[in-house]
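Student: Turn this into a model:
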Amino acid sequence: MTPGGRFGELLYELGEVDSTQTVARELADTRAPEGTVVAAEHQRAGRGRGGRSWLDRPGENLLLSVILRPAIQAADVPQLTLVAAVAVAEAVEEVVGLRPAIKWPNDLVLDERKFAGVLTEAASDGRAVSRVIVGIGINVNQREFPIELAARATSLALARGAPVERRVLRDVLLSRLERWYGLYVDHGFKPVHPEWCRRAVTVGRPVVAGDVQGTAVALDADGALLVRDAAGRTHRIVAGEVRDASR
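Tutor: As a prediction, this is how the structure comes out:
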């Protein structure tokens, strides 16, 4: 239960599941209210963007999904990924004392190593949205990673040099998510934009986004990443993976 607020008022704390996204989607389809949270100790089939696996060690990380029911159009759903990323960064800064950076659109990093990700999945009729499931995975106390990830991944405990209380982080995260989501619902993406930009690590770097290669120059007012190619053309990237070409 979160102190105050309605996000987490209905909280399912589970042991091992295939994915918190799957459980939350099933609950949403039975009309679970907005702010319902599904948290798990371990995911057998956790997912990231592009269908990639999210690997976790049981009982060491924070794995949760939140049901949202915003009155927005389907085209605006990617903005919620940016909203959630700001909430995660703010919660980590408050609880752990570290200052994360955000890599567009859904990764959070410390010293260039990923420690958290956001996955947003929506249902709509092609225009209006009926529900959105925001999945958040944070490497909290995990200290060992598969060899193929070891050079690119970290956790809060590794970065801090001490364990982090997961429940405290969860409660602060839900509080911050509710606050930023409320601002978004009331005022659109405008109040989120400067906070995201303040923490951005992608802007100013050479990137590859699909067939587009250039420099990420800004975040557009609606959350799209603006990439300027070698010919001076500016491309709006609204979805998909963006790879840092400087590394």
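
Student: Now do the helices for the chain: every range, in order, please.
Tutor: Counting by DSSP state H, the chain has helices at residues 20-29, 78-96, 156-160, 166-187, 192-199.

Student: For the first one, name the packing helices and strands.
Tutor: Identification of packing neighbours for helix 20-29 by 3 or more Cβ pairs under 8 Å, 6 or more residues apart in numbering; DSSP states H and E yields strand 11-17, strand 37-43, strand 62-68, strand 113-124, strand 129-138. Bear in mind the C-beta positions are built from the backbone N, C-alpha and C, glycine included.

Student: and what of the fourth one?
Tutor: Contacts of helix 166-187 with other secondary structure elements, assessed using 3+ Cβ pairs under 8 Å, 6+ apart, are made with strand 62-68, helix 78-96, strand 129-138, helix 192-199.

Student: repeat that with 7 Å
Tutor: strand 62-68, helix 78-96, helix 192-199 (3 or more Cβ pairs under 7 Å, 6 or more residues apart in numbering; DSSP states H and E).

Student: Mind putting those into TSV with distance to R152 and mean neighbour count?
Tutor: Putting these into TSV (distance: least, Cβ to Cβ, whole Å; neighbours: other Cβ atoms under 10 Å) gives the following:
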stretch	distance to R152	mean neighbour count
strand 62-68	19	25
helix 78-96	18	23
helix 192-199	19	17
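
Student: With distance to Y181 and mean pLDDT added, can I get those in a markdown table?
Tutor: Shown next, in a markdown table, are the helices and strands packed on helix 166-187 (distance: least, Cβ to Cβ, whole Å; pLDDT from 0 to 100):
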| stretch | distance to Y181 | mean pLDDT |
| --- | --- | --- |
| strand 62-68 | 7 | 97 |
| helix 78-96 | 6 | 97 |
| helix 192-199 | 10 | 96 |
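
Student: Generate TSV for the ones you listed, with distance to V23 as supplementary columns.
Tutor: Converted to TSV, the helices and strands packed on helix 166-187 look like this (distance: least, Cβ to Cβ, whole Å):
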stretch	distance to V23
strand 62-68	7
helix 78-96	18
helix 192-199	27
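
Student: Of all the ones you listed, which one comes closest to R160?
Tutor: Of all the helices and strands packed on helix 166-187, it is helix 78-96 that lies closest to R160, at 5.6 Å by Cβ to Cβ.

Student: Could you give the separation of the closest one from the chain centroid?
Tutor: 7 Å (Cα atoms, centre = their mean, to the nearest Å).
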